[in-house]
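Undergrad: Curious how this folds, go ahead:
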Amino acid sequence: MTRVNPKLIIHGGASSLEDKGGLESVRDSLRGIVKNIYSLLDNGASAVEAVTKGCMLLEDEPRFNAGTGSVVQSDGQVRMSAALMDGRHQRLSGVINVSRVQNPISLAQFLQSQEDRILSEIGAADLSRELQIPLYDPLTDYRIQEWMEERKTNFNRKMARLFADSSAQRGTIGVVALDQQGDIAAGTSTGGKGLERIGRVSDSAMPAGNYANPWAGVSCTGVGEDIIDECLAAKVVIRVTDGFSLAAAVEKSMHESQTNGRDLGMISLDRQGNIVWGKTAEILLAAYHDGQGIGDTLEWHGENAGLIGHVAVG
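TA: As a prediction, the model looks like this:
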């Protein structure tokens, strides 16, 4: 079998640089993770293995809203969601509103081999105990301070609305990879939008926010309800499967999202190795390896009215 040149793209959300340490700090973090994960792909790791590891590294980076550093919900608790999709087998697994674990994506990875592949809060907690995963508190001092500031005013300011300015509401992490065998996988993880109603389910553990098949893979970020309403990840992948180029599928979907007033972003790649990203949000924190070197979107203003950018094969 002919060896495919691996490709990789990751994101740290559609959120501001300022509350994450600034441009160079975010760039160093994202590019360091890309370098780490691409080395695995270059040494023969599967797309699923690379995506899982990449999501874990992003979850462990406190500046991003997933795993350690996740935002706090209305009752002062952290609840996280994550999904993993094996494009080769077109298999989605995930956890919804899980607490007290370091890496929600690791539970999603385990569930790839199970009959019941998406578990919510109680089921995910039971699974964590069955696997003897150590208890872990992902709450950081920064997130505690955010929540305490809201508590002072009895939450009258509604931190979830303030996040529209600080952009934490649009915080997610994601990874999409193409491996040497030509297989694609996608993973997405989030801490939610902050101060949400208890039981709220984000897009991250749905095909709306994370989807892959043998033709393409997508991970989304932004306002979860907007992504769900567009069914964005699945829409793009299905369009590619039906014959659209990846760039055309993303561009059409971004224009639809813009017309509908959505606030979102996405990363994607296809089996030819084309890498495409898109956004209606102001910024997309993403970095990629195109097989030749590492690039990022941190200073990207984009083409087509800022909606899409891409690295094409050849």
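
Undergrad: For Leu298, list the residues it contacts.
TA: Each residue near Leu298 by CB atoms under 8 Å, 6 or more residues apart in numbering is listed here: 17, 23, 26-27, 30, 283, 285-287. (C-beta placed from N, C-alpha, C; glycine too.)

Undergrad: Name the helix or strand for it, please.
TA: Take DSSP states H and E as the rule and Leu298 turns out to sit in neither a helix nor a strand.

Undergrad: sorry, back to before: from the contacts of Leu298, which single one is nearest Asp42?
TA: Distance to Asp42, by CB to CB, is smallest for Ala287 among those, at 16.3 Å.

Undergrad: Test my guess that the closest one contacts Leu30.
TA: Yes - here Ala287 reaches Leu30: they are 3.8 Å apart, a contact under CB atoms under 8 Å.

Undergrad: Common neighbours of these two, please.
TA: Joint contacts of Ala287 and Leu30 (CB under 8 Å, 6+ apart) are 10, 296, 298.

Undergrad: Export those residues to JSON lines and append columns for distance to Val4.
TA: Conversion of these to JSON lines gives the following (distance: CB to CB, whole Å):
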{"residue": "Ile10", "distance to Val4": "19"}
{"residue": "Asp296", "distance to Val4": "23"}
{"residue": "Leu298", "distance to Val4": "28"}
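
Undergrad: Buried among the contacts of Leu298? Make that a PyMOL selection.
TA: Listed next is the PyMOL selection for buried residues among the contacts of Leu298, using 16 or more other CB atoms under 10 Å:
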select buried, resi 17+26+27+30+283+285+286+287
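
Undergrad: From the contacts of Leu298, pick the one nearest Cys231.
TA: For those, the minimum distance to Cys231 (CB to CB) is 21.0 Å, reached by Ala286.

Undergrad: Generate TSV for the contacts of Leu298, with distance to Ser39 as supplementary columns.
TA: Rendered in TSV, the data for the contacts of Leu298 read as follows (distance: CB to CB, whole Å):
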residue	distance to Ser39
Leu17	26
Leu23	25
Val26	21
Arg27	19
Leu30	15
Ile283	27
Leu285	21
Ala286	19
Ala287	15
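
Undergrad: Out of the contacts of Leu298, list just those in strands.
TA: In strands, defined here by DSSP state E, the members of those are 286-287.

Undergrad: between the contacts of Leu298, which is closest to Gln181?
TA: Proximity of the contacts of Leu298 to Gln181, judged by CB to CB, is greatest for Ala287, which lies at 23.4 Å.

Undergrad: Quick check: beta-bridge partners of that closest one?
TA: Beta-bridge partners recorded for Ala287 (DSSP bridges): Ile10, Asp296.

Undergrad: where exactly do the helices run in this protein?
TA: With helices called from DSSP state H, the chain shows them at 23-42, 47-59, 104-111, 121-130, 141-152, 159-166, 224-230, 232-241, 246-259.

Undergrad: So for the shortest one, what gets flagged as buried?
TA: Buried residues in helix 224-230, defined by neighbour count with 16+ other CB under 10 Å: 224-228, 230.

Undergrad: Could you work out the most separated pair of those residues?
TA: With distance counted by CB to CB, no two of the buried residues of helix 224-230 lie farther apart than Gly224 and Glu230, which are 10.9 Å apart.

Undergrad: Quick check: the residue nearest the centre of the chain vs Ala108, distance?
TA: Using CA atoms, centre = their mean, the residue of the chain that lies closest to the mean C-alpha position is Gly174, 2.5 Å off. With distances taken as CB to CB, to the nearest Å, Gly174 is found 12 Å from Ala108.

Undergrad: Between those two, which contacts overlap?
TA: Between them, Gly174 and Ala108 have Gly187 as joint contacts when contacts are counted by CB under 8 Å, 6+ apart.

Undergrad: Worst mean pLDDT among the helices of the chain?
TA: Of all the helices of the chain, helix 159-166 carries the lowest average pLDDT, namely a mean of 40.

Undergrad: Who does the residue nearest to the centre of the chain form a beta bridge with?
TA: According to DSSP bridges, the residues that bridge with Gly174 are His11, Thr188.

Undergrad: My read is that it contacts Ile10, right?
TA: Yes - checked against CB under 8 Å, the pair Gly174 and Ile10 is within contact range at 6.7 Å.

Undergrad: any common contacting residues for the two?
TA: With contacts taken as CB under 8 Å, 6+ apart, the residues that reach both Gly174 and Ile10 are 58, 267.

Undergrad: Tell me, how many residues neighbour Ile198?
TA: 11 (other CB atoms under 10 Å).
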